[in-house]
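> Give me coordinates for this.
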Amino acid sequence: MKPTEILMNEHRIIEQVLNSLEKITQEAKSNGRLNRGHAEEAIEFFRKFADQCHHGKEEDRLFPLAHERGIPQEGGPIGQMLLEHTVGRGAIRKMDVAVPAASEGDAAALAAYLQGAREYIDLLRAHIQKEDRILFPMADQVLTENDQENLLDAFKEAEQSHEDPETHAKCLGIANRLAEYYGVPKAIA
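Predicted structure coming up:
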């Protein structure tokens with residue numbers, strides 16, 4: 001398996017939680033308040049799995065090597081992906097700040113949460129498509145077989161080096177609990 005295939009499998013899990021986040025927002029609109037537990041679990045997933053684990057592998061390992069092999073960063077696809085990672089973190093912060101009051105029914109906080117969620121969902125869906133269809137195929141073309149093997153090792157090392165070695169499993173548990181609750185199809189990873 002190529003490192004980009006691992007990242008694409010992770011994209012399917014992220015999309016699963018994006019689908020759950022859409023259901024969380026629909027429920028909040030109907031109820032006039034946010035399900036705090038589910039909102040906090042989704043934020044935890046996006047911070048730990050999507051950002052720390054997934055984006056961490058891209059930013060710390062794949063992107064630097066792909067750039068070294070000739071894929072442009074400034075003004076190129078890598079720079080755009082890095083920018084989108086930063087924008088996504090801002091949307092997560094917007095949601096996180098709004099959760100306590102939105103879960104109490106505060107209309108302004110709920111609106112802020114819903115806006116942050118919409119921004120994040122739209123951004124990540126487009127972002128994933130760009131990586132799957134453009135950047136990852138480009139990376140696969142420029143990376144040698146040795147590069148691919150070294151990246152696989154680096155990905156394994158990255159997943160084992162978290163403060164909590166169970167982070168990945170915990171995040172998958174969150175993804176599946178939310179999917180079950182909201183009737184969202186589960187990703188096959």
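> What ranges does the protein have for its helices?
Under the criterion DSSP state H, helices of the chain are mapped to 3-31, 36-45, 56-57, 63-68, 77-103, 107-130, 136-142, 145-160, 167-182.
> got CSV for those helices, with mean pLDDT and mean neighbour count too?
For every residue, glycine as well, the C-beta is placed using N, CA and C. Output for the helices of the chain, formatted as CSV (pLDDT from 0 to 100; neighbours: other Cβ atoms under 10 Å):
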stretch, mean pLDDT, mean neighbour count
helix 3-31, 97, 19
helix 36-45, 98, 19
helix 56-57, 93, 20
helix 63-68, 96, 18
helix 77-103, 97, 18
helix 107-130, 98, 17
helix 136-142, 97, 17
helix 145-160, 90, 14
helix 167-182, 94, 17
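> ok, and the closest non-adjacent residue to the residue nearest in space to the middle of the chain?
The structure's the chain has its C-alpha centroid closest to Ala50; by Cα atoms, centre = their mean the separation is 2.9 Å. Nearest residue to Ala50, sequence neighbours excluded (Cβ to Cβ, 6 or more residues apart in numbering): Ile14, at 5.0 Å.
> got the contact list for the one you found?
By Cβ atoms under 8 Å, 6 or more residues apart in numbering, Ile14 lies in contact with Phe46, Phe49, Ala50, His54, Leu124, Ile128.
> Next one, pLDDT for the first one please.
Here the pLDDT value assigned to Phe46 is 98.
> Wait, it touches Ala91, no?
No: Phe46 is not in contact with Ala91 according to Cβ atoms under 8 Å; the separation is 9.0 Å.
> Let me see the residues that make contact with stretch 135-150.
Contacts for stretch 135-150 (Cβ under 8 Å, 6+ apart): 2-4, 7-8, 62, 65-66, 69-71, 77-78, 81, 151.
> Determine how far it lies from the middle of the whole chain.
22 Å (Cα atoms, centre = their mean, to the nearest Å).
> distance between the ends of that stretch?
Distance across stretch 135-150, first residue to last, is 19 Å (Cα to Cα, to the nearest Å).
> For the residue nearest to Ala50, give its distance to Asn150.
25 Å (Cβ to Cβ, to the nearest Å).
> For Gly70, which residues are in contact?
With Cβ under 8 Å, 6+ apart, Gly70 has these contacts: Val142.
> Got phi/psi on it?
phi 120, psi 0 (degrees, to the nearest 10).
> That one and Gly116, how far apart?
36 Å.
> cool, Ile92 as well?
7 Å.
> likewise Glu166?
In terms of Cβ to Cβ, Glu166 sits 28 Å off from Gly116.
> Next: Met8.
Applying Cβ to Cβ to Met8 and Gly116 gives a distance of 26 Å.
> who touches the residue nearest to Ile121 when sequence neighbours are not counted in this structure?
Ranked by Cβ to Cβ, 6+ apart and with sequence neighbours excluded, the top spatial neighbour of Ile121 is Leu18, at 5.3 Å. Residues near Leu18 by Cβ under 8 Å, 6+ apart: Tyr120, Ile121, Leu124, Arg125.
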